[in-house]
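Asks: Mind looking at a prediction? Sequence and model below.
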Amino acid sequence: MGQRRMTISDLQPDRPVTELDLVVLRRYPTRNVVGRKYTGPMAAACARDRSGIVGLLLWGDDVHRIRPGHAVRLERGWCRARDGALVVSTGRHGRLRVMEPPSSH
């Protein structure tokens, strides 16, 4: 039996995110990060599911690929608490899949 998909209400800080389906609401401006573990583009976004809203960090190619209105699936990601709000990210080993393109009408 496979694990059931998580919802935002299931998220806990510093715990892995196995599979989480989200709709991207907004993407903030891209900034370039230079650090020990990662150097490249990064953008913050916010996303929702039926249980709530969560912050979403976009890294690398995802910064330009993921747009508001996209339905995405976060697989093998990570959750953190930042300024009292939850934020999810792919981390180094996870990925974001676009589930369906936004409708054009």
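Replies: Everything's here; your move.

Asks: Need the nearest residue in space to R82, chain neighbours excluded.
Replies: Using Cβ to Cβ, 6 or more residues apart in numbering and skipping the chain neighbours, the partner closest in space to R82 is G55 (6.9 Å). No exception for glycine: its C-beta is placed from N, CA and C like everyone else's.

Asks: wait, what's in contact with the one you found?
Replies: Applying Cβ atoms under 8 Å, 6 or more residues apart in numbering to G55 gives the contacts A44, A45, C46, R82, A85, L86, V87, V88.

Asks: Out of these, which end up buried?
Replies: A44, A45, C46, L86, V87, V88 (16 or more other Cβ atoms under 10 Å).

Asks: Of the residues you listed, which is the nearest to H70?
Replies: A45 (9.7 Å; Cβ to Cβ).

Asks: gap between H93 and R27?
Replies: 23 Å (Cβ to Cβ, to the nearest Å).

Asks: So for the two, which residue has more residues nearby?
Replies: Ranked by neighbour count (other Cβ atoms under 10 Å), H93 and R27 place R27 first, with 19 against 10.
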